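Visitor: Need a 3D model of the following:
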Amino acid sequence: MAGLNFQHYKGDTFEEVGFRIKIDNVDLNLTGFIIRMQLRTECGGVVALDLTSVASAGLTITNAAQGQFKINKQIIDIDSGNYKYDIQIKEADNDVYTWIKGEFLIECDITR
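Guide: Numbering: from 1, shown residues only. The predicted model follows:
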């Protein structure tokens, strides 16, 4: 599982971040898949941010055949704090895998 950490200022624009999923050096075809990402302060805690590839609600599959998707450019305006996140990929046959996780620090923005 890949670990990737983010740092962001509350209320600022988060620039898009692209990903490419490969298994045994072969692109994972994401056709028909659903991708989800959530931020929480702790496992099982309240969801602070919920993104999905359904209707490009925060995540977008950009090239399904090549296993490419992105976190969309967006304003992230949640309480400052240290969050945990992961990105789940649900396959067309309903198998679910989590290959990306990490920390997502939201810092207080002084100028508002």
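
Visitor: alpha carbons only for contacts and neighbour counts from here, please
Guide: Will do.

Visitor: quick check: longest strand of this structure.
Guide: Ordering each strand of the chain by length in residues (DSSP state E) puts strand 96-107 first.

Visitor: Show me what it is packed against.
Guide: Strand 96-107 sits against strand 2-3, strand 6-9, strand 81-90, with contacts defined as 3 or more Cα pairs under 8 Å, 6 or more residues apart in numbering; DSSP states H and E.

Visitor: CSV please, covering those and showing mean neighbour count and mean pLDDT.
Guide: Converted to CSV, the helices and strands packed on strand 96-107 look like this (neighbours: other Cα atoms under 10 Å; pLDDT from 0 to 100):
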stretch, mean neighbour count, mean pLDDT
strand 2-3, 10, 80
strand 6-9, 15, 97
strand 81-90, 19, 97
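
Visitor: In CSV: the ones you listed, plus distance to M37.
Guide: Listed next are the helices and strands packed on strand 96-107 as CSV, based on distance: least, Cα to Cα, whole Å:
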stretch, distance to M37
strand 2-3, 14
strand 6-9, 13
strand 81-90, 5
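
Visitor: Would you tell me which of the ones you listed gets closest to E103?
Guide: Across the helices and strands packed on strand 96-107, E103 has its closest neighbour in strand 81-90 (4.6 Å, Cα to Cα).

Visitor: In which helix or strand does the residue most central in space within the chain reside?
Guide: Compute the mean C-alpha point of the chain, and by Cα atoms, centre = their mean the closest residue is M37, 4.2 Å away. Assigning secondary structure by DSSP states H and E places M37 in strand 34-40.

Visitor: what does the helix or strand just after that strand rub up against?
Guide: As assigned by DSSP H and E, the chain's next helix or strand after strand 34-40 is strand 47-52. Residues outside strand 47-52 that contact it (Cα atoms under 8 Å, 6 or more residues apart in numbering): 34-41, 57-60, 78.

Visitor: from memory K84 sits against T41, does it?
Guide: Yes: under the criterion of Cα atoms under 8 Å, K84 is in contact with T41, at a separation of 5.9 Å.

Visitor: Relative to Q74, which of the helices and strands packed on strand 96-107 is closest?
Guide: Q74 lies closest, by Cα to Cα, to one member of the helices and strands packed on strand 96-107: strand 6-9, at 11.6 Å.
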